[in-house]
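> From the sequence below, what's the structure:
(one chain, ligands or ions: 1)
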Amino acid sequence: MNGFREVAPGVYVLRYPVLDVNVGLVVGGEAAVVVDTLSTDAQAAELLTAARRVTDRPLLVVNTHHHFDHCFGNAVFAAQGAPIWGQEEAVALLRGRGPELRKRWCDEWSATEPELAAEMAAVVIAPPDRTVHVKSTVDLGGRAVELHHFGRGHTAGDLVVLVPDADAVLAGDLVEESGPPQFDDAYPLDWPDTLTALLGRLGAATAVVPGHGAVVDRRFVAAQHEQLAALDWLIREGDEGGAPAARVAAKSPFDLETSLVAVRRGYDQLTGRG
Ligand SMILES: [Zn+2]
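Residues are numbered from 1 along each chain as shown. A predicted model of the protein is given here:
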């Protein structure tokens with residue numbers, strides 16, 4: 001595993017090879033924040049070692065959302081005394097449905113990533129113990145980090161981490177670089193507005209760290225917003241015309257499998273089931 005790489009002053013990213021997940025590290029004068037904790041105890045222990053190579057300051061954690069690859073390493077950091085921040089919907093999902101979700105994800109990955117699935121099954125879920133509603137500011141000592149919930153998108157409880165003094169943003173899976181956006185738990189009719197709110201906080205030179213893949217910029221986020229907005233309209237149009245999901249998905253800017261999930265989620269939203 002490669003270690004953390006500095007992408008903006010005092011803002012580091014570790015691109016973890018399994019599932020190509022990005023973890024952030026923002027170092028302040030008195031504390032440092034780790035953004036997301038990977039999928040298993042073993043991965044989180046590697047992550048902790050990598051963070052300790054960069055800073056010896058007390059750590060706190062932010063989860064960008066409730067998916068396993070972003071928060072199942074929490075227990076390792078909780079054992080170090082790190083407070084963990086999450087958006088209230090993400091916290092509620094992990095508290096209320098944690099074991100059920102863990103089983104769903106283990107079943108999903110057991111064929112393609114058997115080792116990962118086996119390790120995930122042993123994870124003790126540690127939901128965040130600090131809750132964000134719409135916005136919270138965390139003081140790292142001479143450096144403020146803002147945690148924003150701009151609305152629903154990739155999940156019901158996405159958090160974006162803004163580091164204004166470094167012109168950097170950690171966007172979680174609201175922005176995806178190495179694959180298409182992922183819609184399993186998404187709100188495709190809300191996602192475009194959520195990205196519009198995020199875009200309002202991005203300058204031309206802002207470093208944007210996606211949930212997976214290479215660091216991108218405002219132009220990339222604007223282009224992904226365009227694609228999500230196009231899909232949003234296709235879903236609304238398809239629903240009005242009573243079009244089957246497959247016909248709508250075939251016109252989407254994303255691949256067919258991804259788009260089918262998105263259209264079904266969108267239809268569920270429009271019929272009040274989502
Ligand atoms: Zn996710």
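> Tell me where the model's unsure across the stretch 51-200 of the chain.
Along the stretch 51-200 of the chain, no part satisfies pLDDT under 70.
> So which bits of it are right by the ion?
67, 173 (C-beta under 5 Å from the ion). In this view, the C-beta of every residue, glycine as well, is placed from N, C-alpha and C.
> For the stretch 51-200 of the chain, which segments count as helices?
68-71, 74-78, 88-109, 114-121, 191-199 (DSSP state H, counting those that start in this stretch).
> Can you tell me which of these is packed in deepest?
helix 68-71 (a mean of 27; mean count of other C-beta atoms under 10 Å).
> Can you tell me what sits against that helix?
19, 21, 36-39, 63-65, 86, 90, 94, 101-102, 105, 120, 123, 128, 172-173, 211 (C-beta atoms under 8 Å, 6 or more residues apart in numbering).
> Please determine how far the nearest residue to D185 once chain neighbours are set aside is located from E113.
The shortest distance from D185 to any non-neighbouring residue, by C-beta to C-beta, 6 or more residues apart in numbering, is to T155 (4.8 Å). Distance, T155 to E113, using C-beta to C-beta, to the nearest Å: 21 Å.
> Compare those two and say which is more crowded by neighbours.
Higher neighbour count among T155 and E113: T155, with 24 against 16, using other C-beta atoms under 10 Å.
> Report the contact partners of that one.
With C-beta under 8 Å, 6+ apart, T155 has these contacts: 65-67, 89-90, 93, 173, 185-187.
> How about the secondary structure of P253?
Secondary structure, DSSP: H, G, I helix; E, B strand; the rest coil: P253 is coil.
> didn't it look like it was pressed against A229?
No: applying C-beta atoms under 8 Å, one finds P253 not in contact with A229, separated by 9.8 Å.
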